[in-house]
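K.L.:
sharing a model that was predicted from the sequence below.
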Amino acid sequence: MKTKSILALFLSVIILCASIYAEVQQETQVQERIRRVTRENITTLMLIRMTRFLELNEEQTAKIYPFFTRIEKEKMQINQQLRKQMRELRLALSEEDPDTERIRTTIQALKELRDALKSKDAELEKHLEENLTVVQQGKYLVFVAAFFNELRRQLDRARMMRERAGQKKKR
C-alpha cells in the first residue's frame, strides 16, 4: 500500500512537471509568434511610408518590396538566433563554475550572427543604391532615421503606459 502511494505521488509530480514544462514551451512559442507578427507589421508599415516618402514609381516598388521583405525575414531569423545565443550566454554565466569553452563558443556564435546582420544591411543598401536615384537615397537615410526614432518613442510610450497600468492593478 505504501509503495503504491509513493508511486502515485511520484507519478503525479512527474505529470505536474511535464504540464508546467509544456505550458512554458507553449508560452515561449506564443511570444516568438507575437514578435514575428509585430516585426512583419512594422516592416509593412515602413514599406508603405517609405514608398510615399521616397515617391517610388511602380518599377522601383516592384524591385524593392520583395527584396526588402526577404532581407527583413532573414534578419528576423538571425535575431531569433541571437536571442537564443544570448539566453545560452546568460545561462552559462549564471553557473557556479562557468565553462569558459562554452562561453567562448557562444561569444563566437554571437559575433558571427552580428556580422550576418551587418551583411544583410549591406546587401539591402547595395540593392537600394542600384534602384534609387541619389535624391531618393538621401531621402531614404532621412526616412530611416525618422521612422526608427518615432518607433522608439512610441514603444517607450507604450511601455510607460503598461507600467502605469501595472502599478494601478497592484493598488
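P.N.:
Good, I have the coordinates.
K.L.:
helix or strand: which one has residue 90?
P.N.:
For residue 90, the enclosing helix or strand under DSSP states H and E is helix 58-94.
K.L.:
what is the rounded mean pLDDT of that helix?
P.N.:
What helix 58-94 shows for mean pLDDT is 94.
K.L.:
check what pLDDT residue 116 gets.
P.N.:
Note on residue 116: pLDDT of 98.
K.L.:
how about the helices in the protein?
P.N.:
2-54, 58-94, 100-131, 134-170 (DSSP state H).
K.L.:
who are the packing partners of the last one?
P.N.:
In other words, helix 134-170. Contact here means 3 or more CB pairs under 8 Å, 6 or more residues apart in numbering; DSSP states H and E; on that basis helix 134-170 packs against helix 2-54, helix 100-131. Every residue, glycine included, has its C-beta placed from N, CA and C.
K.L.:
tell me the most buried of those helices?
P.N.:
helix 100-131 (a mean of 14; mean count of other CB atoms under 10 Å).
K.L.:
distance to residue 155 added to the helices and strands packed on helix 134-170, as a markdown table?
P.N.:
Putting the helices and strands packed on helix 134-170 into a markdown table (distance: least, CB to CB, whole Å) gives the following:
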| stretch | distance to residue 155 |
| --- | --- |
| helix 2-54 | 10 |
| helix 100-131 | 20 |
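K.L.:
hey, least reliable of those helices by pLDDT?
P.N.:
Lowest mean pLDDT of the helices and strands packed on helix 134-170: helix 2-54, a mean of 77.
K.L.:
tell me the contacts of residue 127?
P.N.:
For residue 127, the contact set (CB atoms under 8 Å, 6 or more residues apart in numbering) comprises 63, 64, 67, 71.
K.L.:
can you tell me which of the residues you listed is nearest residue 32?
P.N.:
The nearest member of those to residue 32, counting by CB to CB, is residue 71 at 19.8 Å.
K.L.:
circling back: helices or strands up against the helix holding residue 90?
P.N.:
Contacts defined by 3+ CB pairs under 8 Å, 6+ apart place helix 58-94 against helix 2-54, helix 100-131.
K.L.:
tell me the domain ranges of this structure?
P.N.:
Domains of the chain are assigned by automatic domain parsing as 52-132, 133-171.
K.L.:
for residue 46, which of those domains is the nearest?
P.N.:
Comparing those by CB to CB, domain 133-171 comes nearest, at 5.9 Å.
K.L.:
which parts of that closest one are buried?
P.N.:
Across domain 133-171, burial judged by 16 or more other CB atoms under 10 Å covers 136, 139, 140, 143, 147.
K.L.:
how distant is that domain from the center of its chain?
P.N.:
Relative to the centre of its chain, domain 133-171 is centred 16 Å away, using CA atoms, centre = their mean, to the nearest Å.
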